[in-house]
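> Generate coordinates for the sequence data below:
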Amino acid sequence: MVGVVSDTLPPDLVDLAHAKGVSTEYWDWKGVHTHIPQDALRQVLTALGEDVSDDDAVRDSLRRTRQAPWRRTLPATVVARTSHPYRLAVHVQHGRAVRVHVELDGGGHLDLDQVPHDVAPVEVDGVLVGEAAFEIPAGLPLGYHELVAEVEGEDALPDPTTRRATFVAVPDALELPAGLDERAATGLTTQLYQVRSETSWGLGDLGVLRELSRWAAREHGHDFVLVNPLHAAEPVAPVEPSPYLPTSRRFVSPLYVDIATLPDLDRLEPRTRARIDDLAAEAASLNRTDVLDRDASWALRHQALRIAYAELGPLHAQRMQPWYEAEGEGLLLFATWWVVAQVHGPHFATDWPAELRDPASPAVADFQRAHTGEISFACWVQWVLQEQLAAAQEAAVDAGMRLGVVHDLAVGIHPKGADAWALGDALARGVTVGAPPDQFNQRGQDWSQPPWRPDRLAELGYAPYRDMIRAVLRDAGGVRVDHVIGLFRLWWIPVGHAPTDGAYVRYDHEAMIGILALEAHRAGAVVVGEDLGVVEPWVREYLLQRGVLGTSIVWFEQGEDGRPLPPQDYRRLCLASVTTHDLPPTAGYLELRHVELRDELGLLTRSMEEELAAERDTVATMEEALVTAGHLAPERRGDVPEVVAALHRWLAATPSVLRGVALTDLVGDTRTINQPGTDEEYPNWRLPLADAQGRPLTLEDVVAGAGDPV
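Below is the predicted model of the structure:
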């Protein structure tokens, strides 16, 4: 089946798009061959820094793009696996001699051998530029090294500033953590903020994570707890409810600070401690509300942190200095944004004075000097969070978990937040990330997030990406990478366009996956890629070869006959689960709550009757498979708690090395936590953990056995 071509694309525009890694066509979820609208294509190329204003500009952009490698002595960044030699192309003015060596991470020097390479020179701006080749041998130490080219004659072209480049030596494949080869690991999956305790401050925090991990390990024999992204949110109201739209992915949200276990809390003056206790008592009233109130929770928590910092900040200054120095400029910029946001608002592009919108401006330096105390406080809060994250991981492992805490890495960031301000042109402007239509989101999705610019990442040695990955893996047993396909290609949507009017932009997946594998190797962590949705078939095979686990959701796993895939046929190297946060809890799914909700919100593209009929067939087919497999008694069809339990028995029969059990399923919750395609129409990310009747549950209720455990 072939889609209709909306317009004819000029050949030079097509060539430029392909040269920049931009798709001009794709196959949609129904198998329809779809062409990218010309206007959308031009806007995507503009976001990549190309002038496509007219035909002459397109031709000039195409010429410069094709010549770009010849204008550099060395590529901006080389990412190579250490298992095989790597052939490095080096460009020099024709006839000039060149030598290349590697300055090794941690010290050392390695001269590279030049190898035969017969390529005709290319004329660039009236100068002939030749191409030589050098071999980077296999077996170099893993890490971040530097390539250095020494060219005969200081006046030699290309630009002398391109004679140094980042060289990242990465593992061929990420190995499973010890023990997972012999025995699969089952773990708990949860949205941490949902799980309030009697003493928390209106939201689940790192104290809850610590106790939840201990309970899951000791009572259920679980080996990990997979939580939602804990990335930083705004320091002022309204606080963004979605953990998947953070202001920064490198730093942590202070909403998760456990006030009760602040370092050296017992050393506070009695009057200071009493003030914090009064705030805690006020915050306790937030622990039984029907809707989570992040703004109220943060207002109280923020007061408590400021009160504590007045005495604890000086006490901790020397202790946190090594961490502060290691975090460097990134921490300073985040803390600066945090303080400016409290003065002018969190959205730098619209709220801030023009002179503060560039982090390198003199005005920002002046602001930093004038607000050193506030910036130091923001840094201290991040240090406290790192201390508590480490304590949570230690508690999980001490309780018997083999992996401990597994974090979630969101696919993007808020377009006007901290990272968007600090990272500058490493992010593309004028476009947002999303997804074309699929079975469950038939109008497509716009996630309102700026994507990485693949060309700028390479020019920066992938430092912003590396720092983010390293931060999320600190004190962790693993990471789930949301929409891992985004490390291969992302759906870029021009601002103001519908999600259907986008284009795929490709990334250097060898570099993106290689650096991810390197950082996970260093952390001793497992990596799970969320590879659901429209995925090119080769991508899953590639991820398997690189040691990145896939994701299997029971409802989406089907055989060639369209029936539920038998448990024994599931992928071994994956995280398998019955549900995910983008679906309702299993009890709600069985009751078709998701169909009713999508109809109420106007998200269906066919009639309610058709959708209900299709979903009833899906549930009935699944129940029949459960009966056939012996996991469900025939007479218990339609018995929701029993079917939920049977689905988890089905899950336990898979060979998957990781199996996730949702806390919402353990307690019988039915309410959707997030309905894609909505904003204020539904309380996304704001519903607390609840039982089957919708009554909010605390951690103490869970530990006491509330709900309908599977």
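> From now on I want contacts and neighbour counts done on CA atoms only, so please keep to that.
Noted.
> Now do the helix or strand where residue 464 lies, average pLDDT.
Taking DSSP states H and E as the definition, residue 464 sits inside helix 463-473. Average pLDDT, helix 463-473: 98.
> packing partners for it?
If contacts are counted by 3 or more CA pairs under 8 Å, 6 or more residues apart in numbering; DSSP states H and E, helix 463-473 sits against strand 248-252, strand 404-409, helix 454-459, helix 509-523.
> pLDDT wise, what is the closest residue in space to residue 21 that isn't next to it in sequence at?
Leaving aside its chain neighbours, residue 21 sits nearest to residue 506 (5.0 Å; criterion: CA to CA, 6 or more residues apart in numbering). Here, the pLDDT recorded for residue 506 equals 97.
> what is residue 506 paired to in the beta sheet?
residue 489 (DSSP bridges).
> Can I get stretch 520-532 as CSV, trimmed to CA atoms?
The C-alpha coordinates for stretch 520-532 follow below in CSV (Å, rounded to 0.1, in the frame of the first residue of the first chain):
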residue,chain,number,x,y,z
ALA,A,520,27.4,1.4,32.0
HIS,A,521,30.5,-0.8,31.9
ARG,A,522,32.3,1.6,34.3
ALA,A,523,29.3,1.7,36.6
GLY,A,524,28.8,-2.1,36.5
ALA,A,525,25.2,-1.5,35.5
VAL,A,526,22.6,-3.1,33.2
VAL,A,527,21.0,-1.1,30.4
VAL,A,528,17.4,-1.6,29.3
GLY,A,529,16.3,0.1,26.1
GLU,A,530,12.6,0.9,25.8
ASP,A,531,12.2,-0.4,22.2
LEU,A,532,8.4,-0.3,21.8
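> In TSV: the helices and strands packed on helix 463-473, plus mean pLDDT.
Formatted as TSV, those follow (pLDDT from 0 to 100):
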stretch	mean pLDDT
strand 248-252	98
strand 404-409	98
helix 454-459	97
helix 509-523	98
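> would JSON lines of the ones you listed with mean neighbour count and distance to residue 575 be doable?
JSON lines is the format used below for the helices and strands packed on helix 463-473 (neighbours: other CA atoms under 10 Å; distance: least, CA to CA, whole Å):
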{"stretch": "strand 248-252", "mean neighbour count": "25", "distance to residue 575": "23"}
{"stretch": "strand 404-409", "mean neighbour count": "28", "distance to residue 575": "12"}
{"stretch": "helix 454-459", "mean neighbour count": "18", "distance to residue 575": "28"}
{"stretch": "helix 509-523", "mean neighbour count": "21", "distance to residue 575": "17"}
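> got the contact list for the helix or strand harbouring residue 56?
Here residue 56 is covered by helix 55-67, with elements defined by DSSP H and E. Contact partners of helix 55-67, identified using CA atoms under 8 Å, 6 or more residues apart in numbering, comprise 12, 13, 15, 16, 19, 20, 50, 51, 52, 124.
> can you give me the angle whichever helix or strand comes after it makes with helix 509-523?
Using DSSP H and E, the helix or strand that follows helix 55-67 towards the C-terminus is strand 77-81. On the basis of axes from the mean of the first three to the mean of the last three CA atoms, to 10 degrees, strand 77-81 is oriented at 70 degrees to helix 509-523.
> Can you spell out which helices and strands pack onto strand 77-81?
Against strand 77-81 (3+ CA pairs under 8 Å, 6+ apart) you get strand 164-170, helix 509-523.
> Indicate which one of those is closest to residue 140.
When those are compared by CA to CA, strand 164-170 sits nearest residue 140, at 7.0 Å.
> on that earlier part again, looking at the contacts of helix 55-67, which gets the smallest pLDDT?
Out of these, that is residue 124, at 92.
> before we move on, what SS does residue 279 have?
helix (DSSP: H, G, I helix; E, B strand; the rest coil).
> Pull the number of nearby residues for it.
By the measure other CA atoms under 10 Å, the count of residues near residue 279 is 17.
> Can you give me the distance of the closest residue to it other than its chain neighbours to residue 275?
Among residues not flanking residue 279 along the chain, residue 300 sits closest, at 6.3 Å (CA to CA, 6+ apart). Separation of residue 300 from residue 275 (CA to CA, to the nearest Å): 11 Å.
> Am I right that residue 92 sits in a helix?
No: with three-state DSSP as the criterion, residue 92 is located in strand rather than a helix.
> Contacts only, for it.
Counting by CA under 8 Å, 6+ apart, residue 92 touches 73, 98, 129, 130, 131, 132, 151, 156, 157, 158.
> any idea which helix or strand carries the third one?
The one in question is residue 129. Assessed by DSSP H and E, residue 129 sits inside strand 127-136.
> I'd like the next helix or strand past that strand.
Counting by DSSP H and E, what follows strand 127-136 is strand 143-151.
> Against which helices or strands is that following strand packed?
Counting contacts by 3+ CA pairs under 8 Å, 6+ apart, strand 143-151 packs against strand 98-103, strand 164-170.
> out of the ones you listed, deepest packed?
For those, average neighbour numbers computed from mean count of other CA atoms under 10 Å are highest in strand 164-170, which has a mean of 24.
> What angle do strand 98-103 and that one make with each other?
50 degrees.
> Pull out the buried positions in whichever helix or strand comes after strand 164-170.
Per DSSP H and E, the first helix or strand lying C-terminal to strand 164-170 is strand 185-190. Within strand 185-190, the residues that qualify as buried are 185, 186, 187, 188, 189, 190, counting by 16 or more other CA atoms under 10 Å.
> Break the protein into its domains for me.
11-67, 72-170 (automatic domain parsing).
> The first one spans what distance, first to last residue?
By that I understand domain 11-67. 18 Å.
> And for residue 607, the neighbour number?
Other residues within reach of residue 607, judged by other CA under 10 Å, total 10.
> got it, and the one 5 residues further on?
Residues contacting residue 612 under the criterion other CA under 10 Å number 15.
> give me the element it is part of.
helix 608-628.
> So which bits of that helix are buried?
For helix 608-628, the neighbour count (16+ other CA under 10 Å) marks 611, 615, 619, 622, 623, 624, 625, 626, 627 as buried.
> Report all helices and strands that it contacts.
Against helix 608-628 (3+ CA pairs under 8 Å, 6+ apart) you get helix 593-600, helix 640-652.
> Give me the packing partners of the shortest one, helices and strands only.
Meaning helix 593-600. Other elements packing on helix 593-600 under the criterion 3+ CA pairs under 8 Å, 6+ apart are helix 608-628.
> Name the residues that touch the helix it packs on?
With CA under 8 Å, 6+ apart as the criterion, helix 608-628 contacts 563-564, 590, 592, 595-596, 599, 604, 632-634, 637, 643, 646-647, 650.
> Next one: the residue nearest to residue 13 when sequence neighbours are not counted from residue 517, what distance?
Nearest residue to residue 13, sequence neighbours excluded (CA to CA, 6+ apart): residue 58, at 6.3 Å. Noted for residue 58: a distance of 37 Å to residue 517, by CA to CA.
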